[in-house]
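Enquirer: Predicted model follows, preceded by the sequence.
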Amino acid sequence: MNPAPPGPVLVMGAGAVGCWIGGCLAASGVPVTFVGRARVLGALREHGLTLTDLDGGVRSVAAGSLALAPAPPAGSAPALVLLCVKSGATAEAAAELAAALPAGTLLVSMQNGISNAALARSHAPRLTVLPGMVQYNVVELGPGRYHRATFGILAATEHPALQAWQPLFAAAGVPLELHRELAPLQWGKLLLNLNNPVNALSGLPLRAQLLDRDYRACMAALIAEALAALHAAGIRPARLTPLPPAALPAALRLPTPVFRLLATRLLRIDAKARTSMANDLMQGRTTEIDALCGEVVRLARDHGVAAPVNERISELVRAWPKDPRPRGGAELRTALGLA
Ligand SMILES: NC(=O)c1ccc[n+]([C@@H]2O[C@H](COP(=O)([O-])OP(=O)(O)OC[C@H]3O[C@@H](n4cnc5c(N)ncnc54)[C@H](OP(=O)(O)O)[C@@H]3O)[C@@H](O)[C@H]2O)c1
């Protein structure tokens, strides 16, 4: 039997990550309220939730047993809030939570980037806001259908109230690691996410883009700049791949036949998979570029080093709505000022 939860969970931002983590918890008996937009809530109301993963696991939650809300219900008292909106929606979501929930409510940001928890805290100072991290990729396959497409764990900053949740997350199949310092893990993940703008600007599926040496040279340059900024700041990014972070740029620059042999695990991805930034660009939505390359540029600036490649690619992503044109590998290299 699963341990009793300390109280209900509220997912703020029912999308890929929110439906996956919240759905796994709900499927294992934790009471979860999903706060989201009409499109997703309508799909959940009609189809319920089906959760699949690359290990072949399938779980489901019937539509009738899902608690759905268009905004954080006033007067509710969740024991845990999972903040799962994209970075551009953090401030507004945090302000809504601050207005609806009791002081001291525990909120964990499950978002990418480095500064979302701090931003949420500044808009919800009465709540207890902690940084978290989702190492794996989750995709929406169809209405109410979410799929964990890669391996990895969830992580958050240590807090006594979170320890009680660990057995529940483990029982739900979404193990949660607690770390005294989350920054090394967040930066380790961010380094890998620096491929997101390259993939988005390529217009190609992820696998095809990673098999192009010119695109990999762009990713290598973005990572090399980030590593220099991290070194200057005294931050050691965590190793989230078989290779240590410092070895990534050289590995990415290898000729494609050699890279293909080295990166068999990395390349074990659905041939159609794209990054969420690619989908955001295609659908004209705000991207998370500022939470990725923007963080590198700020860290570099704060520590007296430069990050011109991260600056340039940020400009290209921001210019996409006016110039929505996929760039070939060699063209992107040139646009980023790489030899
Ligand atoms: N997907 C992944 O594989 C993955 C993996 C690791 C980390 N992450 C990170 O997790 C975060 C969420 O990503 P995601 O892919 O799950 O995004 P997503 O699918 O876009 O889900 C977020 C959902 O929250 C909704 N939302 C935004 N503000 C809201 C509000 N105030 N009230 C209710 N709903 C609101 C969004 O609606 P609108 O579209 O209308 O704003 C969207 O439906 C991001 O920081 C991402 O980088 C994602």
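Expert: Alright, I've got the coordinates.
Enquirer: what residues does this structure put near the ligand?
Expert: Within reach of the ligand by Cβ under 6 Å from any ligand atom, the chain has these residues: 13, 15-18, 35-37, 40, 84-87, 89, 92-93, 96, 110-112, 134, 137-138, 276, 288. Using the backbone N, CA and C atoms, a C-beta is placed for each residue, glycine as well.
Enquirer: Let's see that with 5 Å instead.
Expert: 13, 15-17, 35-37, 85-86, 89, 93, 111-112, 134, 137-138, 276 (Cβ under 5 Å from any ligand atom).
Enquirer: Which ones among the residues you listed lie within helices?
Expert: A16, V17, A93, S276 (DSSP state H).
Enquirer: And those, which is the shakiest by pLDDT?
Expert: In terms of pLDDT, the weakest of these is S276, which scores 88.
Enquirer: I'd guessed that residue sits against N193; true?
Expert: No: using Cβ atoms under 8 Å, S276 makes no contact with N193, being 9.7 Å away.
Enquirer: Looking at the two, which has the bigger crowd around it?
Expert: Each of S276 and N193 had its neighbours counted (other Cβ atoms under 10 Å), and the higher figure belongs to S276 (23 against 19).
Enquirer: mind listing what the more buried one touches?
Expert: Contacts for S276 (Cβ atoms under 8 Å, 6 or more residues apart in numbering) come out as A16, N196, E288.
Enquirer: switch the cut-off to 10 Å
Expert: For S276, the contacting residues are 15-17, 86, 112, 137-140, 193, 196, 199-200, 285, 287-288, by Cβ atoms under 10 Å, 6 or more residues apart in numbering.
Enquirer: Now which of those would you call buried?
Expert: Of the members of the contacts of S276, the ones counted as buried by neighbours, 16 or more other Cβ atoms under 10 Å, are 15-17, 86, 112, 137-140, 193, 196, 199-200, 287-288.
Enquirer: Next, count neighbours for Q209.
Expert: Count around Q209 with other Cβ under 10 Å applied: 24.
Enquirer: how about it, what does it touch?
Expert: By Cβ under 10 Å, 6+ apart, the contact list for Q209 reads 195, 198-203, 215-216, 218-219, 274-275, 278, 329.
Enquirer: Find me the pLDDT at the closest residue to P242 other than its chain neighbours, would you?
Expert: Take P242 and drop its neighbours on the chain: the residue closest to it by Cβ to Cβ, 6 or more residues apart in numbering is R265, 6.9 Å away. As predicted, R265 sits at a pLDDT of 77.
Enquirer: Brilliant, that's me finished.
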